[in-house]
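[1] Need coordinates for the following:
(one chain, ligands or ions: 3)
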Amino acid sequence: MMEIKELEKLHPKGVDFSSNAVSEETLLSRIDKLQLPKHLAIIMDGNGRWATKRHLPRISGHREGIAAMREIVTLARQLGIRFLTLYAFSNENWHRPTAEVSKLMRLLGLYLKKELKTLMTDKVRLKAIGQIDRLPKSIAQLLLSVEEKTRQNKEMTLILALSYSGRAEIIDAVFNLCGDLQDQTISINDLSETVFSSYLHTAEIPDPDLMIRTSGEIRVSNFFLWQIAYTELYFTKTLWPDFRRKELLIALLDYQGRERRFGKVLQI
Ligand code: IPE
Ligand code: IPE
Ligand code: MG
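    Numbering: from 1, shown residues only. Ligands and ions are numbered 1, 2, ... in the order given. This is a model prediction of the structure:
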């Protein structure tokens with residue numbers, strides 16, 4: 001294993017953290033715990049391709065994807081990330097073959113049942129966002145019960161985006177907002193970005209600081225459209241089932257090397 005000084009010699013302009021030679025411990029030691037994203041959002045993509053490459057059915061990729069998910073949730077919690085959103089199923093994903101959708105729902109149910117104990121030990125609160133009423137009744141009930149049981153957990157909020165669509169979320173917000181205007185619960189003069197945000201599924205959750213998408217696709221696929229106005233984006237070719245601890249640390253180091261300007265001119 002090469003040490004950081006040797007790597008710096010190889011890459012005079014900076015360390016190539018993506019090198020396989022860098023150990024997890026080295027990566028971890030380089031993370032600035034004070035500069036972590038408060039909210040990390042991930043588009044977990046590439047399960048199908050992971051399986052196809054191995055001549056396995058797509059569901060094997062989803063199963064392995066759950067293993068990656070567990071590893072990433074644990075690391076995020078260990079690091080002290082306060083909000084982690086995982087995009088697990090989009091509204092558009094309903095158009096996939098029924099067999100794949102039902103197997104995915106079964107996996108989700110198994111994950112929720114198995115995970116409750118860990119969520120409680122790690123003090124992680126679970127929150128589901130999206131059109132939850134479109135999910136099979138048993139899954140929706142399971143989600144509700146895990147949300148209820150983990151409600152008091154304060155260390156991290158794990159947000160699962162299920163049957164989620166950014167545009168549908170905005171329309172729902174407009175619909176509810178119009179209702180409140182009609183009922184005079186709020187006045188048109190009160191409308192602001194903050195007020196509008198409070199009508200989204202992510203009310204009370206800060207906008208993501210970093211959004212990661214795996215599998216090499218450079219698009220957002222209807223995820224967090226309003227919320228990503230100033231989010232840092234990170235794309236990697238790694239397929240989701242292969243996105244493990246080191247991959248997340250590399251993404252976080254990349255994020256920590258960026259200059260977030262929010263439209264301002266930096267003070268020298
Ligand atoms: C992501 O993997 C998981 C879901 C969208 C449910 P995919 O199933 O999209 O995998 P690819 O993109 O076909 O490889
Ligand atoms: C995005 O992945 C949705 C999730 C990861 C849940 P897709 O595989 O559905 O997106 P497209 O079809 O490549 O845009
Ligand atoms: Mg995909």
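
[2] Around ligand 2, pick out the residues from the stretch 151-268 of the chain.
    217, 219, 221 (C-beta under 6 Å from any ligand atom). From N, CA and C alone the C-beta is placed, and that goes for glycine too.

[3] Please indicate which of those residues are buried?
    Among those, not one counts as buried by 16 or more other C-beta atoms under 10 Å.

[4] Tabulate the residues you listed (a markdown table), appending pLDDT, distance to ligand 1 and secondary structure.
    Below are those laid out as a markdown table (pLDDT from 0 to 100; distance: C-beta to the nearest ligand atom, whole Å; DSSP: H, G, I helix; E, B strand; the rest coil):
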| residue | pLDDT | distance to ligand 1 | secondary structure |
| --- | --- | --- | --- |
| E217 | 98 | 7 | coil |
| R219 | 98 | 11 | coil |
| S221 | 98 | 9 | coil |
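
[5] Among those residues, which one lies nearest to ligand 2?
    S221 (3.7 Å; C-beta to the nearest ligand atom).

[6] which stretches of this protein have low pLDDT?
    Scanning the chain for pLDDT under 70 picks out 1-16, 18-19, 268.

[7] need the longest helix for it.
    helix 98-121 (DSSP state H).

[8] counting contacts, what elements does whatever helix or strand comes next after that helix pack onto?
    Per DSSP states H and E, the first helix or strand lying C-terminal to helix 98-121 is strand 124-129. Under the contact definition 3 or more C-beta pairs under 8 Å, 6 or more residues apart in numbering; DSSP states H and E, strand 124-129 sits against helix 98-121, helix 137-150, strand 156-164.

[9] following the shortest one, which helix or strand shows up next?
    To tie it back to what came earlier, the one meant is strand 156-164. Next element after strand 156-164 (DSSP H and E): helix 166-182.

[10] between that next one and strand 156-164, how big is the angle?
    When axes from the mean of the first three to the mean of the last three C-alpha atoms, to 10 degrees is applied, the directions of helix 166-182 and strand 156-164 differ by 100 degrees.

[11] tell me the angle of helix 166-182 relative to strand 124-129?
    80 degrees.

[12] Burial-wise, tell me which of the helices and strands packed on strand 124-129 comes out on top.
    By mean neighbour count, with neighbours taken as mean count of other C-beta atoms under 10 Å, strand 156-164 ranks first of the helices and strands packed on strand 124-129 at a mean of 24.

[13] How about that one and ligand 1, touching?
    No - Strand 156-164 lies out of reach of ligand 1 by C-beta under 6 Å from any ligand atom, never closer than 9.7 Å.

[14] For that strand, what is the distance to the chain centroid?
    Strand 156-164 sits 7 Å away from the centroid of its parent chain (C-alpha atoms, centre = their mean, to the nearest Å).

[15] for stretch 137-148, same thing?
    20 Å.

[16] try stretch 238-250
    For stretch 238-250, the distance to the chain centre is 13 Å (C-alpha atoms, centre = their mean).

[17] Contacts for that stretch, please.
    Contacts of stretch 238-250 with the rest of the structure, by C-beta atoms under 8 Å, 6 or more residues apart in numbering, involve 17-18, 22, 24, 27-28, 31, 44-47, 49-50, 53, 61, 64-65, 67-68, 71-72, 75-76, 212, 214-215, 236.

[18] Straight-line length of it, end to end?
    12 Å (C-alpha to C-alpha, to the nearest Å).

[19] Buried residues of that stretch, list them for me.
    Buried positions in stretch 238-250, judged by neighbour count with 16+ other C-beta under 10 Å: 238-243, 245-250.

[20] do stretch 85-100 as well
    In stretch 85-100, counting by 16+ other C-beta under 10 Å, buried: 85-91, 93.

[21] filter those down to the ones near ligand 1?
    Within these, those near ligand 1 by C-beta under 6 Å from any ligand atom are 89, 93.

[22] so can I have JSON lines of the buried residues of stretch 85-100 showing secondary structure?
    JSON lines is the format used below for the buried residues of stretch 85-100 (DSSP: H, G, I helix; E, B strand; the rest coil):
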{"residue": "T85", "secondary structure": "strand"}
{"residue": "L86", "secondary structure": "strand"}
{"residue": "Y87", "secondary structure": "strand"}
{"residue": "A88", "secondary structure": "strand"}
{"residue": "F89", "secondary structure": "strand"}
{"residue": "S90", "secondary structure": "strand"}
{"residue": "N91", "secondary structure": "helix"}
{"residue": "N93", "secondary structure": "helix"}
